[in-house]
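Colleague: Provided below are the primary sequence and the corresponding predicted coordinates.
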Amino acid sequence: MSYLGVGVSPGNVPVYHATNLKVMDRRVRVAELVLRSVICGFGLVAALLVGTDSQVREIFSIQKKAKFTDMKALVFIVIANVIAATYSLVQGLRCAVSMVRGHVLFNKPLAWLIFSGDQVMAYVTVAALAAAAQSAVFAKLGQPELQWMKICNMYGKFCNQVGEGIASTLFVSLSMVLVSCISAFNLFRLYGSNKGKSSGSW
């Protein structure tokens, strides 16, 4: 059927949908790359803020030094951020290569591997954030029932820098959760009706 000499056939419809699929793929890849870059950047910032934090106070002529190794939760948050930043750097390079080349082999085993890695890292960063936040609350407010002092009254600079590290870890955790959602989308769409088209575009 034609109108004003322009032919329109049902064969044009899949081309339109394929174009939309490529646009969506490109947007997903860009979003993933941005999020992984955020994780890498804020993860390194958080690890440096907490890992290099220390403060010396003199109490009754005795010098006491507060450092991140004094609290296991802070050690955990440093390790978790370093691992998350390194992992995201590797995955970010994979995303960049896929965008430059236009497509890379993205089969189900690889998709499952990326999905599992993202899930583990999301849980690790959220757990590290929760543990550090709880320790920070005890350091800030104390626990009178257990006779735990308000440490931040004595080590204000130390607590402030730790707080900045925890804030950076919050961005890492949120971004990691979003990345795990993207990897879940990339995995489970391979089992959909368009699995043949989707698997070749990555």
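Modeller: Noted; the coordinates are in hand.
Colleague: can you give me the strands in the chain?
Modeller: In the chain, the segments counted as strands under DSSP state E are 2-3, 6-7, 54-59, 62-67.
Colleague: these: lowest mean pLDDT?
Modeller: Among the strands of the chain, strand 2-3 has the lowest mean pLDDT, at a mean of 46.
Colleague: can you check which helix is longest in this structure?
Modeller: helix 12-51 (DSSP state H).
Colleague: report the buried residues of that one.
Modeller: Along helix 12-51, these residues count as buried under the neighbour rule (16 or more other CB atoms under 10 Å): 25, 28-29, 32-33, 35-51. The C-beta positions use only the backbone N, C-alpha and C, and glycine is treated the same way.
Colleague: ok, the residue nearest the centre of the chain - contacts?
Modeller: In the chain, the centroid-proximal residue (CA atoms, centre = their mean) is M176; its distance is 2.6 Å. Going by CB atoms under 8 Å, 6 or more residues apart in numbering, M176 touches 39, 84, 88, 118, 121-122, 125-126.
Colleague: of all these, which comes closest to G156?
Modeller: G156 lies nearest to T125 out of the contacts of M176, by CB to CB, at 26.8 Å.
Colleague: how far out from the middle of the chain is stretch 70-86?
Modeller: The chain centre lies 14 Å from the centre of stretch 70-86; the measure is CA atoms, centre = their mean, to the nearest Å.
Colleague: check stretch 22-39 too.
Modeller: Distance, stretch centre to chain centre, for stretch 22-39: 13 Å (CA atoms, centre = their mean).
Colleague: now tell me what touches that stretch from outside.
Modeller: 84-85, 88-89, 91-92, 95-96, 98-99, 171-172, 175-176, 178-179, 182-183, 185-186, 198, 201-202.
Colleague: among those, which lie within helices?
Modeller: Checking these against DSSP H, those in helices are 84-85, 88-89, 91-92, 95-96, 98-99, 171-172, 175-176, 178-179, 182-183, 185-186, 198, 201.
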